[in-house]
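J.: return a 3D structure for these sequence lines:
(2 chains)
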Amino acid sequence: MATEANTASSVIVVTNNELVHEAFSICCQVFFIADGYLEVLLKTRDLIHKGHCLLTHPLAGSVKPGETPYRTILLTGEREELEMMSLQLIEDAIVISRRMIEQGRFDCRMLSDQHKKDFQLIDYTVVESACASVKTGTIR
Amino acid sequence: MKLVLGYFSIEDIQFAEEPRLEDGVLFVDEAALSAEVLADERLRAAHFEIARPGESVRIIPVKDVIQPRVKVEGGGEMFPGMASNVDVVGSGTTYVLEGMSVVTVGPIVGFQEGVIDMSGPGEVYSPFSQLNNLVLVVEPAEGVTPQEYEQAVRLAGLKTAMNVAELVRELTPERIEEFEHLNIVESSRKYPDLPRVAYVQMLQSQGLLHDTYVYGVDAKRILPTLISPTETMDGAIVSGNCVSACDKNTTYHHLNNPVIADLYKAHGETLNFVGMVITNENVYLADKIRSSNHTAELCSYLGLDGVIISQEGFGNPDTDLIMNCTKIEDKGIKTVIITDEYAGRDGKSQSLADASPKANAVVTGGNANMLVEIPPLDKVIGSSGYINVIAGGSAGSLKADGAIEAEIQVYTGATNELGFNKMSAR
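T.: Okay, the predicted model is just below:
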């Protein structure tokens, strides 16, 4: 679990997934977004403009925008100069996500509690897989 | 390294107390196979069903598809490091049960698995509709986590396929095929004038139901490495992923990789198939950079003229794909990439999440967003209720009469990025 992931204080988490929020808030700074998938990307873009860099791909995992309510992204805690690769990735992700959410017919209000938990778990395990790299000291 | 594949054509599957292969009909003992599956205490219930081509049957939710094979000569057993000892495979003789598969079915999380229609208009979207399918339906024991359940289902499928294939160990195959993989010095001497071509296979490696295993190792934790194409035919690569079902490689795909098959056909004629590199698709950006760096270095080390790169999945793997493509091109090596598209339901939107002018030779497996309406089938193996939450479906996808309205991404293998399907685009 994330509690053992020893995610360095130099990692920050942006998520709208309660499971990730609960697991990671004891070891890193978590920006919990009580809103949709797209809002997580927009908050991440704001942080990138402030000098934080992406550590995980904003479209990580195979459950696509418009097919899940949840998204979690890891960034560096330290602020540096604006990094163009991070900016390019998040802008591309926002464009694709907007389109897929608009064109999709996914309605998270229709999801049962169990299905919400399933979506949370998959999002969590995708982030957890990145923690293995953080743990071994590979920040960037 | 030389591997001989011996083929047995399976025309039908029947349940019987005495398991055997007779006149193309495979008789299996359901009770014995179920008992072996249930030896795993993580599984509470297991039973088998048979789905044949042309039958009015829908299989959902599909986890993995596995072709039964047995090694009768040479080192190791099938699926080394996963379902057998971690010996090197890829040489000797392996028997193959053609025309059939073992399909594992069981909801691990509610939205992660695919659909196979054995007849009707949906039949064309999954290549596995053309097989006689021995379908293993399982349920987890109480208290088993999704991770434990996924592992149990994965192993149950592999072991069932191995048990079934044991039936032909002492028989004589109908036909054989030989695949030889020379070392780089020998192949250079033998084909000095042919272009040197390798295959880079990208493996999905991102978490629960997003993983692939190489000799039992989680592919997240590998550096890109060389592997003999014949090793993949003996199950060195095993699937642990199935979402979105359209563009994930099942274990059947890994055993029957059409890129490898076509490169072997051209080998010695129009090109020298030098070898194969496997790499991963991690979520961590530093991992993506590291893996694409090493993939390009290995391609350069092999002195290649051309590389075929196959992707698995969509979205963040597009970044791995473009990194691999551009870094290999920067070494002066020509690339062709194989991908699929999420171009919107009208097919007019941007197809990939990343792009480069250097990716100028692209083969596509089709548009996963294409919406299809499929009438109901008489029988459902599993539960069709999952279509409402499966990736590519949505609330209302399942109609009252059992019909489906969903994107083709729900179908297992519909837009497969190894080219193991019949769809494409210009």
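J.: which ones are touching residue 95?
T.: Because you didn't say which chain, this covers chain A. Residues near A:V95 by C-beta atoms under 8 Å, 6 or more residues apart in numbering or on different chains: B:Q350. Where C-beta positions appear, they are placed from N, C-alpha and C, glycine not excepted.
J.: that's the other chain; I wanted chain B
T.: Contact analysis of B:Y95 by C-beta under 8 Å, 6+ apart lists B:5-8, B:69-70, B:72, B:165, B:168-169, B:171, B:173.
J.: then A:E22?
T.: By C-beta under 8 Å, 6+ apart, A:E22 has no neighbours at all.
J.: host element of it?
T.: Per DSSP states H and E: A:E22 is located in helix A:18-24.
J.: tell me who's in contact with B:I176.
T.: With C-beta under 8 Å, 6+ apart, B:I176 has these contacts: B:4-7.
J.: repeat that for B:G365.
T.: Neighbours of B:G365 in contact, by C-beta under 8 Å, 6+ apart: B:247, B:338-341, B:415-417, B:419, B:421, B:423-424.
J.: does B:R58 count as helix, strand or coil?
T.: In three-state terms, and counting by DSSP: H, G, I helix; E, B strand; the rest coil, B:R58 is strand.
J.: that one: neighbour count?
T.: 26 (other C-beta atoms under 10 Å in any protein chain shown).
J.: cool, A:L75 as well?
T.: Neighbourhood size, A:L75 [other C-beta under 10 Å]: 26.
J.: beta-bridge partners for it, please?
T.: A:I12, A:L54 (DSSP bridges).
J.: what's the distance between it and A:L55?
T.: 6 Å (C-beta to C-beta, to the nearest Å).
J.: between these two, what contacts are shared?
T.: A:V11.
J.: quick one on the thing from earlier: okay if I get the contacts of B:Y95 as a markdown table plus distance to chain A and secondary structure?
T.: Output for the contacts of B:Y95, formatted as a markdown table (distance: C-beta to the nearest C-beta, whole Å; DSSP: H, G, I helix; E, B strand; the rest coil):
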| residue | distance to chain A | secondary structure |
| --- | --- | --- |
| B:L5 | 31 | strand |
| B:G6 | 36 | strand |
| B:Y7 | 33 | strand |
| B:F8 | 35 | strand |
| B:R69 | 27 | strand |
| B:V70 | 32 | strand |
| B:V72 | 37 | strand |
| B:A165 | 30 | helix |
| B:V168 | 35 | helix |
| B:R169 | 37 | coil |
| B:L171 | 40 | coil |
| B:P173 | 37 | coil |
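J.: tabulate those (JSON lines), appending pLDDT, distance to A:G61 and neighbour count.
T.: Below are the contacts of B:Y95 laid out as JSON lines (pLDDT from 0 to 100; distance: C-beta to C-beta, whole Å; neighbours: other C-beta atoms under 10 Å in any protein chain shown):
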{"residue": "B:L5", "pLDDT": "98", "distance to A:G61": "35", "neighbour count": "20"}
{"residue": "B:G6", "pLDDT": "98", "distance to A:G61": "40", "neighbour count": "20"}
{"residue": "B:Y7", "pLDDT": "98", "distance to A:G61": "38", "neighbour count": "16"}
{"residue": "B:F8", "pLDDT": "98", "distance to A:G61": "39", "neighbour count": "22"}
{"residue": "B:R69", "pLDDT": "98", "distance to A:G61": "31", "neighbour count": "24"}
{"residue": "B:V70", "pLDDT": "98", "distance to A:G61": "35", "neighbour count": "21"}
{"residue": "B:V72", "pLDDT": "98", "distance to A:G61": "40", "neighbour count": "17"}
{"residue": "B:A165", "pLDDT": "98", "distance to A:G61": "34", "neighbour count": "23"}
{"residue": "B:V168", "pLDDT": "98", "distance to A:G61": "39", "neighbour count": "23"}
{"residue": "B:R169", "pLDDT": "98", "distance to A:G61": "41", "neighbour count": "10"}
{"residue": "B:L171", "pLDDT": "98", "distance to A:G61": "44", "neighbour count": "13"}
{"residue": "B:P173", "pLDDT": "98", "distance to A:G61": "42", "neighbour count": "19"}
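J.: what about stretch B:265-280, near chain A?
T.: No. Figure legend: stretch B:265-280 not in contact with chain A (C-beta under 8 Å from any C-beta of the partner chain); closest approach 10.5 Å.
J.: returning to what we had before: so which of the contacts of B:G365 comes closest to chain A?
T.: Minimum distance to chain A across those is 8.5 Å, recorded for B:D247 (C-beta to the nearest C-beta).
J.: which SS state does the nearest residue to B:T250 once chain neighbours are set aside fall under?
T.: Nearest non-adjacent residue to B:T250, counting by C-beta to C-beta, 6 or more residues apart in numbering or on different chains: B:V65, 4.2 Å away. With three-state DSSP as the basis, B:V65 sits in strand.
J.: how deep is B:V65 tucked in, by neighbour count?
T.: With neighbours defined by other C-beta under 10 Å, the count for B:V65 comes to 29.
J.: pretty sure it contacts B:H254?
T.: No. B:V65 is beyond contact range of B:H254, at 10.4 Å (criterion: C-beta atoms under 8 Å).
J.: gap between A:G51 and chain B?
T.: In this structure, A:G51 lies at 16 Å from chain B, with C-beta to the nearest C-beta, to the nearest Å as the measure.
J.: and that residue, what pLDDT?
T.: With respect to pLDDT, A:G51 scores 96.
J.: quick check: mean pLDDT of stretch B:374-383?
T.: Rounded mean pLDDT across stretch B:374-383 is 89.
J.: if we can go back for a sec, turn the contacts of B:G365 into TSV, columns for secondary structure, neighbour count and distance to A:E18.
T.: Below are the contacts of B:G365 laid out as TSV (DSSP: H, G, I helix; E, B strand; the rest coil; neighbours: other C-beta atoms under 10 Å in any protein chain shown; distance: C-beta to C-beta, whole Å):
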residue	secondary structure	neighbour count	distance to A:E18
B:D247	helix	28	30
B:I338	strand	22	38
B:T339	strand	25	34
B:D340	strand	29	33
B:E341	strand	22	33
B:T415	coil	28	33
B:N416	coil	27	35
B:E417	coil	30	34
B:G419	coil	20	41
B:N421	coil	23	38
B:M423	coil	19	39
B:S424	coil	13	42
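J.: now do the buried residues in stretch B:331-346.
T.: Within stretch B:331-346, the residues scored as buried using 16 or more other C-beta atoms under 10 Å in any protein chain shown are B:333-344.
J.: for stretch B:65-81, same thing?
T.: For stretch B:65-81, by 16+ other C-beta under 10 Å, it's B:65-72, B:74, B:76-81.
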